[in-house]
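just need the structure, nothing else, for what follows:
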Amino acid sequence: MQMVFNVPPNQTNKFKASSFVSDAAIFLAGVLLTLLLVWSFWSFVNPSPNPVLSFSPSSVPPRTVTVSCGGSPGGAKSASDTTTGLVDDPPDLTFYDDPEASYSIEKPIKNWDEKRKRWLELHPSFAAGAGERILLVTGSQPSPCPNPIGDHFLLRFFKNKVDYCRIHGYDIFYNNALLHPKMRDYWAKYPIIRAAMMAHPEAEWIWWVDSDAAFTDMDFKLPLAKYKQHNLVVHGLPYRIYEKKSWVGLNAGIFLIRNCQWSMDLIDRWASMGPQSPDFDKWGEIQRSIFKDKLFPQADDQTALIYLLVEEREKWGDKIYIENEYYLHGYWVDIVGTYDNVTQGHAEVGNTVLRLRRRHAEKMSESYAALWETYVKGGSGSGRLKRRPFITHFVGCSPCSGDHNKIYGGDSCRDGMVRALNFADNQVLRNFGYTRVDLLNPLVTLLPSDFPA
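Just a heads-up that it's a prediction; the model follows:
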């Protein structure tokens, strides 16, 4: 059926004019589309032979950010939410656009402080509070554990770290890839840390924690202000390093390293004694000649750091803080037997302070931790409550392989790890209304409403 449009006589000319304009517009659009297609095709088949990336400073006015080794960028955290910066990456060129910049530990990076400062200027939502921003890094081997319960233990150790980071607002990266084929075992962490510095310029500190270490005080926070003039924080005893020259004068399984050029240079020097070096065997001999109590011939990273402190102290020593006022690294044999007494002490204080028995959201944990601190010996008040051990480190237990040091008899390693992980998990579960009465028993029980926080 034909459809007929009846146009009123007085509208005939207007209709014709509109038709003419429409036809002209369609014609011009077709011409433009044709030219655009021809230009696009020509650009595709004949691209510019000399594309140039310029790394000159952007014309965008920079936000003032101070970044240098031994100092912290930014100040107190602003109220602005850093999540707004997650979807806003300006087109301005940064070190990420430089093809010469490499994540590889074998290719040193220079002028890192300036490059990181520039990135923070272009990402102001991260610049605020950058001085306190921490990325916790940990990991394990790429393959499954030989020990039948090894993967279960690694999962629980990882959960423990995730819990701690969630409570305190830290980011965490777990790596199980070998980033350098020759740098295995304890040496494997240095390529990871080096790459993490570049991957996270927003983080002021990279915090390496071995997979066999557990946070056993979920309230305690690192006293970052204490390390304002330092770039590496490691647990140890100075007299055992400088006087005894012992290879166990410090523990290199847990340390805090500032994201700056000094640290980049330290890692380059530190890793130069590793298995990727042609001088690896020679370094083993040097280490054993200086540190007489070293038990094995291969060069290891812990002795390498002590070597730098002893033999190159003038260059590195002033920026390395040897911590021993709290358990940044706590030897598990000395610690696991104290959990019950510490728990009892906290319960006694909690039963006398009404506010500590108030239930609260997990997000409020830090405010309650500050209140607890007034009752802790050596804390912000005059209390006598014994502090929980911050980190319990199961050196020699090898949870993944199960091949623990023979000096640890029977099931001491396994039971110790179970007790430590449950002791820590009880501190998490209390905000969910549950606890374990027996640290060796996985069963949980519902807490009364006024159980101490």
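
show me where pLDDT drops low in the protein?
Residues of the chain meeting the criterion pLDDT under 70: 1-68, 70-85, 379-382, 453.

tell me the helices and strands packed up against the strand ranked longest in it.
If you go by DSSP state E, the chain has its longest strand at strand 250-258. With contacts taken as 3 or more CB pairs under 8 Å, 6 or more residues apart in numbering; DSSP states H and E, strand 250-258 sits against strand 205-209, strand 232-236, helix 261-271, helix 301-311, strand 391-393. All C-beta spots, glycine's among them, are computed from the backbone N, C-alpha and C.

among the ones you listed, which is the most enclosed?
strand 391-393 (a mean of 27; mean count of other CB atoms under 10 Å).

what does that strand contact?
If you take CB atoms under 8 Å, 6 or more residues apart in numbering as the criterion, strand 391-393 is touched by 209-210, 212-216, 251, 253-254, 327-332, 335-336, 420.

kindly report the same for stretch 286-298.
When contacts are defined by CB under 8 Å, 6+ apart, stretch 286-298 is touched by residues 245-248, 273, 275, 280, 284-285, 299-300, 303-304, 306-307, 310-311.

may I see the buried residues of stretch 356-363?
Residues of stretch 356-363 classed as buried: residue 356 (neighbour count, 16 or more other CB atoms under 10 Å).

should've said stretch 242-257
For stretch 242-257, the neighbour count (16+ other CB under 10 Å) marks 242, 245-257 as buried.

likewise for stretch 155-175?
Neighbour-count burial for stretch 155-175 flags 156-158, 160-161, 163-165, 167-168, 170, 172-173, 175 (criterion: 16+ other CB under 10 Å).

which residues in the stretch 351-453 of the chain form strands?
391-393, 434-435, 445-446 (DSSP state E, counting those that start in this stretch).

the longest one: partners in the sheet, and parallel or antiparallel?
If I follow you right, that is strand 391-393. Strand 391-393 has its sheet partners listed here by DSSP bridges as strand 213-215 (antiparallel), strand 330-331 (parallel).

which of these sits most buried?
Scoring these by mean count of other CB under 10 Å, the most buried comes out as strand 213-215, with a mean of 26.

one step back: can you list the buried residues of stretch 242-257 in a markdown table and add distance to residue 355?
Putting the buried residues of stretch 242-257 into a markdown table (distance: CB to CB, whole Å) gives the following:
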| residue | distance to residue 355 |
| --- | --- |
| 242 | 46 |
| 245 | 50 |
| 246 | 46 |
| 247 | 47 |
| 248 | 43 |
| 249 | 43 |
| 250 | 39 |
| 251 | 37 |
| 252 | 41 |
| 253 | 37 |
| 254 | 33 |
| 255 | 36 |
| 256 | 32 |
| 257 | 38 |
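
so which of those comes closest to residue 230?
Using CB to CB, residue 256 comes nearest to residue 230 of the buried residues of stretch 242-257, at 9.0 Å.
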